[in-house]
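Colleague: return a 3D structure for these sequence lines:
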Amino acid sequence: QVQLAESGGGLVQAGGSLRLSCAASGRTFPTDYMGWFRQTPGKEREFVAGMSWSGGIASYADSVKGRFTVSSDNAKPTVYLEMNGLKAEDTAVYYCEWVIYGPTTSWGQGTQVTVSS
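Modeller: Got it, this is the predicted structure:
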């Protein structure tokens with residue numbers, strides 16, 4: 001089982017930036033994929049960004065392309081989400097996803113991001 005600890009959420013003005021971190025511990029080998037999702041009240045959790053463990057190939061939701069960047073430090077292991085040009089519609093609880101080959105998926109506890117307009 002993988003344990004995930006998220007951090008970095010908070011309140012920011014529109015146009016501002018935040019950096020989310022998700023530190024993994026426990027049985028993280030072999031990791032296949034890491035991702036970020038977000039959820040607002042009454043809506044389903046939606047994909048934001050993700051990347052493969054090997055090769056670092058990243059993918060993004062259209063709504064965040066050009067503004068958000070996903071990256072990782074495989075030595076720690078930690079996955080990051082750099083969010084720039086934040087908009088009010090980015091307000092949500094952000095969840096980290098960690099996928100082990102098998103697959104086995106673990107989720108972080110979520111971190112609140114609030115963007116004031």
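Colleague: secondary structure element for the most centrally placed residue in the chain?
Modeller: By C-alpha atoms, centre = their mean, the mean C-alpha position of the chain lies nearest to Trp36, the distance being 2.8 Å. Following DSSP states H and E, one finds Trp36 within strand 31-39.
Colleague: following that strand, which helix or strand shows up next?
Modeller: For strand 31-39, the following helix or strand on the C-terminal side (DSSP H and E) is strand 46-52.
Colleague: pull out the buried positions in that next one.
Modeller: For strand 46-52, burial by neighbour count (16 or more other C-beta atoms under 10 Å) applies to 48-52. Heads up, the C-betas are built off the backbone N, CA and C, glycines and all.
Colleague: try stretch 79-99
Modeller: 79-81, 83, 86, 90-99.
Colleague: which of these sits closest to Leu20?
Modeller: Using C-beta to C-beta, Leu81 comes nearest to Leu20 of those, at 4.2 Å.
Colleague: the closest one belongs to a strand?
Modeller: Yes. Looking at Leu81 with DSSP: H, G, I helix; E, B strand; the rest coil, it is inside a strand.
Colleague: before we move on, the earlier item: just checking: what are the partner strands of the strand holding Trp36?
Modeller: Using DSSP bridges, strand 31-39 pairs in its sheet with strand 46-52 (antiparallel), strand 92-100 (antiparallel).
Colleague: turn these into CSV, including mean pLDDT.
Modeller: As requested, the strands paired with strand 31-39 are exported to CSV (pLDDT from 0 to 100):
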stretch, mean pLDDT
strand 46-52, 97
strand 92-100, 97
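Colleague: okay, these in TSV with distance to Gly15 next?
Modeller: Shown next, in TSV, are the strands paired with strand 31-39 (distance: least, C-beta to C-beta, whole Å):
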stretch	distance to Gly15
strand 46-52	19
strand 92-100	17
